Each structure stands twice: as structure tokens, then as C-alpha cells.
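A.B. asks: Show me how the following folds:
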Amino acid sequence: MHRICWSLVLILTVAVSVLVYLFVVRGTTAPASDGRTAILLAPGERDLVLTEMRGFLAAVQAITEGVVKQDPAAVAAAARLAGAPAQHSVPASLVGKLPLPFKRLGFDTHGRFDQLALNVQQFGDTSQVLPELVALMNNCVACHAAYRIDLEP
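C.D. replies: Below you'll find the predicted structure:
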């Protein structure tokens, strides 16, 4: 009886490990012809990811404009729009298709927008925004260098 229980535990552990690897770590990917990793998504999922990326770009533009105008409130407001609350609209089914390094970059990018908003709000000064924005944009460059979003076959 103990052998059957331990065998079942082992089988279930292996099955869960495989599922975690497939849906949390690897995601739905394929090698791309340009050397990057293609993330394979349904059309609606692809649209959602690309919309989020355009939101990042719009936030960076608004933050930069706020720095030029020396308007800390505008900088904070723009950064907050791309912060962690923006990721709550992503369905779990889509998150499962994204590879772990892509998710890490995404979560870190949202967090950096939140931190930028907090810093400029607390200090009321836009002088430190550009170094923070450079670090944030490094995430964008790294992501676009490593991944592309393709439609599922």
C-alpha cells in the first residue's frame, strides 16, 4: 500500500513539475528566423501585449515631456499609468504562454514605472527621472532584442 502511495506521489510530482515548466517557465515559444524567441499567441492575446507595449512607449513620452516642463505631477501621473495596476488586465491564460524571462522583464518594468512615480512624487523633483528612465528603457531594449510576438500557427 505504501509503495502505491509513494508511486502516486512521484507520478503527481513529475506531472506537476512538467506542467509548471510548460506553463510558468517555458511558455508557448518557438525559435524565430531572426535569432530571437517567438512568443506564439492568439490574435487577441497578441493585440493585448502590443497594446501594453504601446502604453509603455506613451508613458515614456509623457514622462519625458514632464521632465522637459519640470512638472513632477505629470511625470508621476504618466509613470503610474504604466505601473503594476496596468498588468491586472492580463488574463492568466495569456500569462501561461509567456516565458519566465519575459514575465520577469514585464513585472520589473511595471515595478520601475511605479518606483519612478513614487520617487518623483516624494521628492517633487524631476532631476533624477532620466537616470531611472534609462534603466527602465534598458528593459524595453532587452525584451525587444530577445523576443518577438508571433501568431499561433
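
A.B. asks: What about residue 39? Give its phi and psi, please.
C.D. replies: phi -90, psi 120 (degrees, to the nearest 10).

A.B. asks: That one contacts residue 102, doesn't it?
C.D. replies: Yes. The pair residue 39 / residue 102 is scored as a contact, 6.6 Å apart, by Cβ atoms under 8 Å. The way it works is simple: take the backbone N, C-alpha and C, and place the C-beta from them, glycine included.

A.B. asks: Overlap in contacts, those two.
C.D. replies: 27, 147 (Cβ atoms under 8 Å, 6 or more residues apart in numbering).

A.B. asks: Compare the two and say which is more crowded by neighbours.
C.D. replies: residue 39 (23 against 19; other Cβ atoms under 10 Å).

A.B. asks: so what's that one up against?
C.D. replies: 27, 28, 29, 49, 97, 98, 99, 102, 147, 148, 149, 150.

A.B. asks: Out of the residues you listed, which is nearest to residue 70?
C.D. replies: Checking those against residue 70 with Cβ to Cβ, the nearest one is residue 49 at 33.6 Å.

A.B. asks: gap between residue 91 and residue 75?
C.D. replies: 30 Å (Cβ to Cβ, to the nearest Å).

A.B. asks: These two: who's more crowded?
C.D. replies: Neighbour comparison, residue 91 and residue 75: the larger count goes to residue 75, with 28 against 10 (by other Cβ under 10 Å).

A.B. asks: so who does the closest residue to the more buried one other than its chain neighbours touch?
C.D. replies: In this structure, residue 75 finds its nearest non-sequential neighbour in residue 66, 3.7 Å apart by Cβ to Cβ, 6 or more residues apart in numbering. Shown in contact with residue 66 (Cβ under 8 Å, 6+ apart): 72, 73, 74, 75, 78, 126, 129.

A.B. asks: Alright, I will stop here.
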